[in-house]
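# sequence below, structure please.
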Amino acid sequence: MRAIVRRTVRGTALLCIVAVLACADAHDDVLEVVTSLAAALTEVSGTGNGAGHGNLTQFMAAFSKDMPDYGALEKNVAALLNEGDVSSSIRPLTDSGDDQMYKIDLDWLLEVRSLEQDGPILRRREVVHCELRKEKKHWKIVALKPLDFFAPAKLGQ
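You can find the predicted model right below:
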């Protein structure tokens, strides 16, 4: 009888270790996804007047196309990136989840500088809530709030 108990305890301990490692991997993978969002907004390609501002394709690659308001988010971010130079930084506040679903709250700071010389600067800072789901081998954002955080800056108005 003792051997059965030991095997059960060992099996349970092994299962707990595997679960902890899976959650640690999920945490790291999710942080990589949200970090890529901030980097995509900040990316600059080229030089001079032909320089591109931000990488919309990279930004949207983090989202599930099934996410509600996916099209509206894409339209808003495209307009935001066309308005100015975007600086973006995030700091994770809280997170929880497992190897299939994950929630993370981010302290997100956006700064949009007008493309005009001495033009206005818009600063936004807010807690952004993300829900992610593992789709095949990749984490995808399936919910993001508030969406209007990424609305166009309207610097010319």
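# and the most centrally placed residue in the chain, what element?
The C-alpha lying nearest the average C-alpha coordinate of the chain belongs to V34 (C-alpha atoms, centre = their mean; 2.7 Å). Element membership for V34, per DSSP states H and E: helix 2-42.
# do L93 as well
Using DSSP H and E, L93 falls within strand 84-97.
# for whichever helix or strand comes after that strand, what is the distance to the chain centroid?
Remark: after strand 84-97, the chain's next helix or strand is strand 101-114, criterion DSSP H and E. With C-alpha atoms, centre = their mean, to the nearest Å as the basis, strand 101-114 stands 7 Å off its chain's centre.
# tell me which strands the helix or strand just after strand 101-114 pairs with, and in which orientation.
Counting by DSSP H and E, the next helix or strand C-terminal to strand 101-114 is strand 121-135. According to DSSP bridges, strand 121-135 forms sheet pairs with strand 101-114 (antiparallel), strand 138-145 (antiparallel).
# make TSV out of those strands and add mean neighbour count, mean pLDDT and distance to V86.
To be clear about C-beta, it is placed using only N, CA and C from the backbone, and glycine gets the same treatment. Formatted as TSV, the strands paired with strand 121-135 follow (neighbours: other C-beta atoms under 10 Å; pLDDT from 0 to 100; distance: least, C-beta to C-beta, whole Å):
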stretch	mean neighbour count	mean pLDDT	distance to V86
strand 101-114	19	94	5
strand 138-145	18	96	17
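# that older thread, local confidence estimate at the residue nearest to the centre of the chain?
Looking at V34, its pLDDT stands at 93.
# that one contacts L93, doesn't it?
No: taking C-beta atoms under 8 Å as the definition, V34 is not a contact partner of L93, at 11.4 Å.
# joint contacts of these two?
Listed as contacting both V34 and L93 by C-beta atoms under 8 Å, 6 or more residues apart in numbering are L106.
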